[in-house]
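*Asks:* Just the structure for this:
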Amino acid sequence: MTVFEELKRRGLLAQLTDEEEIKELINTGKATFYIGFDPTADSLHVGHFMALCLMKRLQMAGNKPIALVGGGTGMIGDPSGKTDMRKMLTKETIEHNVECFKKQMSRFIDFSDGKAMVVNNADWLLDLNYIDVLREVGACFSVNKMLTFECYKQRMERGLTFLEFNYMIMQSYDFYKLFQDYGCNMQFGGDDQWANMLGGTELIRKKLGKDAYAMTITLLLNSEGKKMGKTEKGAVWLDPEKTSPYDFFQYWRNVADADVIKCLKMLTFVPIEEIEEMEKTMQGADFNKAKELLAFELTKLVHGEEEAQKALTAAKAIFGSGSDSADMPTTSIPTADLVDGKIGILDILVHAKLASSNSEGRRLVQQGGISVNDEKISDPSVKIEIGNGIIIKKGKKVFHKVVVK
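*Replies:* This is a model prediction of the structure:
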């Protein structure tokens, strides 16, 4: 089975500029391709996960990935899929985020011996002369055509700034620059990037008279049509300091039955034949086994096999017998915060980040969503004795250990 056929069977392919050419390039290992990552935070998140997995798959087939971090485009902000303008970041913040991205990417991509590259578009975008851009690049773009793209239509209703309007031109220039300097003949990205990617192939054709190719991958949506990778606490991060390996594991362990096979196909390296066999006979308890496999494989990819095994062991201990586990997420509360060895349940929830505020904690308690050591808490004013440690249960699936330091 060729790598292109596998991508197709896994449901990853969305739109392609030239299917036959792209198939030939990636199957023969002749693609030098790039995927862009705008450094809007100091960690990659689940939204980037599929792109990283795609880069890994294609590199394993002999192709050369270029990870483009948007130190330049990150100062503008991509309007694609956004209803409001993105928050402006300082140059220092962007540079810090870029360094964090580079470290995380090395878990997926082999950068040794020239097998892959990380480049920063700040290296060329920040030095561009505005008049030169208008004459050399701006003349290649039709405003009328740009306004027909969905990414701009959505923003036009609320007000599209001229700043954001330039994003497509900047991303297109990236492809043009990478094509010239590094022989990059292909760009991949999420399906919401299609318009920007077409802009790049058109710019290369108009300026250089040569062909370059673009392919989008299916967006990771759940069965309700919403982007996956969000929880009540916010994004699911790849940085263990922002989302612990256990919480990362639990996110995937708790996906809906309708989404588990799709996630196994699109995100893991479990053989596609094995997943397709599972899909044929899936029923009842099989869904839980599939979710466990999904959670373990993805946690192993991001955090390593040891952390994946710890998370699996902790989950089985908690959900199997309700017993304590050393690998459960834990919050330590200072002794100084206790009065006679006790502390209010609302303070505990906020300390443990199970609630963002006392008012949210009060609502959770009043709705019957909080238990301490398997005992339902109904009074928001109750004081809890922590002793050698307690187990907080939020809803049906979130467990948290609280100790005194």
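*Asks:* When you work out contacts or count neighbours from here on, use the C-alpha atoms and nothing else.
*Replies:* Fine.
*Asks:* Can I take it that Glu241 is in a strand?
*Replies:* No. Glu241 is assigned coil when assessed by DSSP: H, G, I helix; E, B strand; the rest coil, not a strand.
*Asks:* my guess is Ala41 meets Asn97, correct?
*Replies:* Yes. With contact defined as CA atoms under 8 Å, Ala41 counts as touching Asn97 (5.9 Å).
*Asks:* Comparing these two, which residue is more hemmed in?
*Replies:* Set side by side, Ala41 and Asn97 show more neighbours around Asn97, with 21 against 16, by other CA atoms under 10 Å.
*Asks:* tell me which element that one is part of?
*Replies:* helix 91-105 (DSSP states H and E).
*Asks:* One more: Thr313?
*Replies:* helix 305-321.
*Asks:* Tell me the helices and strands packed up against that helix.
*Replies:* If you count contacts as 3 or more CA pairs under 8 Å, 6 or more residues apart in numbering; DSSP states H and E, helix 305-321 packs onto helix 245-253, helix 286-303.
*Asks:* re the thing from before, just the angle between the helix holding Asn97 and helix 286-303, please?
*Replies:* 120 degrees (axes from the mean of the first three to the mean of the last three CA atoms, to 10 degrees).
*Asks:* So what does the nearest residue to Cys184 once chain neighbours are set aside look like in phi/psi?
*Replies:* The shortest distance from Cys184 to any non-neighbouring residue, by CA to CA, 6 or more residues apart in numbering, is to Thr32 (4.8 Å). Dihedral angles of Thr32 (phi, psi; degrees, to the nearest 10) stand at phi -110, psi 110.
*Asks:* Distance of Thr32 relative to Phe101?
*Replies:* In this view, Thr32 and Phe101 are 20 Å apart by CA to CA, to the nearest Å.
*Asks:* Ok, Gly225 next?
*Replies:* Taking CA to CA, one finds Gly225 at 28 Å from Phe101.
*Asks:* When those two are compared, which one has more neighbours?
*Replies:* Phe101 (22 against 9).
*Asks:* just to revisit the earlier point, tell me the helix or strand right after the helix holding Thr313.
*Replies:* Next element after helix 305-321 (DSSP H and E): strand 330-333.
*Asks:* Which elements pack onto that following strand?
*Replies:* Secondary elements touching strand 330-333 (3+ CA pairs under 8 Å, 6+ apart): strand 398-404.
*Asks:* helices or strands up against the strand it packs on?
*Replies:* Partner elements for strand 398-404 (3+ CA pairs under 8 Å, 6+ apart): strand 330-333, strand 390-394.
*Asks:* tell me the most buried of those?
*Replies:* strand 390-394 (a mean of 21; mean count of other CA atoms under 10 Å).
*Asks:* Next, the angle helix 305-321 makes with that one.
*Replies:* Relative orientation of strand 390-394 versus helix 305-321 (the same axes, to 10 degrees): 80 degrees.
*Asks:* Could you give the backbone dihedrals for Pro329?
*Replies:* Per-residue torsions, Pro329: phi -50, psi 130 (degrees, to the nearest 10).
*Asks:* Leaving aside the residues adjacent along the chain, what's closest to it?
*Replies:* Sequence neighbours aside, His400 is the residue nearest to Pro329 in space, at 5.4 Å (criterion: CA to CA, 6+ apart).
*Asks:* The one you found against Lys393, yeah?
*Replies:* Yes. Shown here, His400 and Lys393 form a contact pair, counting by CA under 8 Å, at 6.5 Å.
*Asks:* What residues does Asn222 make contact with?
*Replies:* Met228, Asp259 (CA atoms under 8 Å, 6 or more residues apart in numbering).
*Asks:* again with Ser332
*Replies:* With CA under 8 Å, 6+ apart, Ser332 has these contacts: Val402, Val403, Val404, Lys405.
*Asks:* Most neighbours among these, please name it.
*Replies:* Val402 (22 neighbours).
*Asks:* Can you tell me what sits against stretch 207-218?
*Replies:* Contacts for stretch 207-218 (CA under 8 Å, 6+ apart): 11-18, 22, 185-191, 193-194, 197-198, 201, 204-205.
*Asks:* In it, which residues are buried?
*Replies:* Buried residues in stretch 207-218, counted by 16 or more other CA atoms under 10 Å: Ala212, Tyr213, Ala214, Met215, Thr216, Ile217, Thr218.
*Asks:* And the helices in the stretch 1-150 of the chain?
*Replies:* In the stretch 1-150 of the chain, the helices defined using DSSP state H, counting those that start in this stretch lie at 3-9, 19-27, 46-60, 91-105, 122-125, 130-136, 143-146, 150-156.
*Asks:* how about CSV for the ones you listed, with distance to Gly284 added?
*Replies:* Output for those, formatted as CSV (distance: least, CA to CA, whole Å):
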stretch, distance to Gly284
helix 3-9, 25
helix 19-27, 38
helix 46-60, 27
helix 91-105, 37
helix 122-125, 51
helix 130-136, 59
helix 143-146, 49
helix 150-156, 41
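*Asks:* can you tell me which of those comes nearest to Gly70?
*Replies:* helix 122-125 (6.8 Å; CA to CA).
*Asks:* CA-only coordinates of that closest one in PDB, if you can.
*Replies:* This file holds the C-alpha atoms of helix 122-125, laid out as PDB (Å, rounded to 0.1, in the frame of the first residue of the first chain):
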ATOM      1  CA  ALA A 122      10.200  36.500  10.200                       C
ATOM      2  CA  ASP A 123      13.600  36.000   8.600                       C
ATOM      3  CA  TRP A 124      12.200  37.400   5.300                       C
ATOM      4  CA  LEU A 125       8.900  39.000   6.000                       C
END
